[in-house]
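Asker: make a model of this:
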Amino acid sequence: MRIAIFIHRIGSYHLARLNALSKICDLYVVEYSAVDNTYQWDIIEEKNNLNLITLFTDSDIHNKSKYVIEKALKNALLQIAPDVVALPGWYGFHVLVSLSLSSLYGIPAVVMSDSTNHDHPRVWWKEWIKKNILHFYSSALVGGTPHKLYMLKLGMTEKSIFTGYDTVDNEYFTVGAHSARSRVSTLRKEYRLPVNYFLSSNRFIPQKNLFFLIEAYGRYRHLAGNGAWKLVILGDGELRKKLENLVNTLNLSADVLFPGFIQYKNLPNYYGLAKAYVQASTKETWGLVINEAMASGLPVLVSDRCGCATDLVHDGINGYKFDPSDRDALVSHLFAMSTGKYDTKTLGKASEEIIKNWSTELFADSLLKAAAVAINAPKKRVHILPRCVLSLLLRV
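Answerer: You can find the predicted model right below:
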């Protein structure tokens, strides 16, 4: 089976999934752009070992004209001649024209999505548009339970939906974190990290709820006194200066650390030396950093608005979920985690076991099943209304 999978830009977590998938099918990868306007990732040289077509290497696809995008996609599809395509959702001209061309050439399509019913305000007319776009897809690969429920709500049949879209290279983080723990003194000095700390990793944007996290940490710091763990927040972004100002205002400059954006190769060291992981997002379609933290053997405190929380966070087993507007609840969890009320070692071991069920092999197996459903489904005869909707969207 020849599968063409389309990805905006290949990051390290994509590469791990693609390597797993390439072992069980004839895989071709279409990368829309080699660079983007969002992430500071290093260029992944290993991606060149894949059957790869990168459409644009000089700038983000969003900077290209519709004509140029459509021409590049036509050439890619004709060159690959896939049995099935896997496309990332329903948003953006580049995705919609990929879907339109696949339909024109009679190629069945799998939608890959980690959207849930609650990660954005749902407006009836937007949902109506999505339902019409889904007529062009024959099956779906989604994140987990809430993502499957949302896909069902949009009209996809249950037998056509498979979970496992959001996975990381668990072994990379497990091995890397254990290695870091064997070099604690050296790494702590090299990275200037405290003995005990909570870790959080985010883009510094509003939905990551970092002001809430820092304010909750400030209350916890006052409550815990000299025995308080530090807070290390990885990442960067538009809110950095305001976050640093808040830390200074709360007199937490010695307790809250901002190491900046950390490249993939160094992430296991930060996870390995941490005591627990915290994610306070108000909106998070999944949250791959939670996968990484769990694979690294950490107990996790995760906002119940994160798409992964339902499937990955088992209260009292490997961590706890919390309401990202309830500061007192998070303060209580931070205090219990750092004072021994919660058995962090037991919780961390449970994290490692739970995340084994969410591997890149699961991604590969689920996508292959979704592709088989799409290929074996009766040939799609999309009615005039969905076709008109897609045509109008391509012109907007």
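Asker: only C-alpha atoms from now on, for both contacts and neighbour counts.
Answerer: OK.
Asker: Glu353: neighbour count?
Answerer: Counted with other C-alpha atoms under 10 Å, the neighbours of Glu353 add up to 14.
Asker: distance check, it against Asn291.
Answerer: Here Glu353 is placed at a distance of 11 Å from Asn291 (C-alpha to C-alpha, to the nearest Å).
Asker: scan the protein for its longest helix.
Answerer: helix 360-376 (DSSP state H).
Asker: buried stuff in that one?
Answerer: 360-375 (16 or more other C-alpha atoms under 10 Å).
Asker: same for the helix or strand that comes right after that helix, what does it pack against?
Answerer: Next in sequence after helix 360-376, counting helices and strands by DSSP states H and E, comes helix 384-395. With contacts defined as 3 or more C-alpha pairs under 8 Å, 6 or more residues apart in numbering; DSSP states H and E, helix 384-395 has these neighbours: helix 93-104, helix 124-133.
Asker: contacting residues around the residue nearest to Cys25 when sequence neighbours are not counted?
Answerer: Excluding its sequence neighbours, the residue lying closest to Cys25 (C-alpha to C-alpha, 6 or more residues apart in numbering) is Met1, at 5.7 Å. Neighbouring residues of Met1 by C-alpha atoms under 8 Å, 6 or more residues apart in numbering: Cys25, Asp26, Asp83.
Asker: burial count for the second one?
Answerer: Around Asp26 there are 14 other residues, counting by other C-alpha under 10 Å.
Asker: what's it in contact with, if anything?
Answerer: Shown in contact with Asp26 (C-alpha under 8 Å, 6+ apart): Met1, Arg2, Ile3.
Asker: how much space between Ala216 and Ala254?
Answerer: Distance from Ala216 to Ala254, by C-alpha to C-alpha: 16 Å.
Asker: scratch that, Ile69
Answerer: Taken as C-alpha to C-alpha, the span from Ile69 to Ala254 is 49 Å.
Asker: show me which of the two is the more surrounded one.
Answerer: Of the pair Ile69 and Ala254, Ile69 is the one with more neighbours under other C-alpha under 10 Å, namely 20 against 10.
Asker: wait, doesn't the more buried one sit right on Leu96?
Answerer: No. Judged on C-alpha atoms under 8 Å, Ile69 makes no contact with Leu96 at a distance of 11.1 Å.
Asker: break the protein down into its domains, please.
Answerer: Taking automatic domain parsing as the reference, the chain has its domains at 2-167+359-395, 170-355.
Asker: any idea of the mean pLDDT for the longest one?
Answerer: Think domain 2-167+359-395. Mean per-residue pLDDT for domain 2-167+359-395: 93.
Asker: tell me the spacing between the closest residue to Ala228 other than its chain neighbours and Ser338.
Answerer: Once flanking residues are discounted, Ala228 sits nearest to Arg221: 5.6 Å by C-alpha to C-alpha, 6+ apart. Using C-alpha to C-alpha, we find Arg221 at a distance of 11 Å from Ser338.
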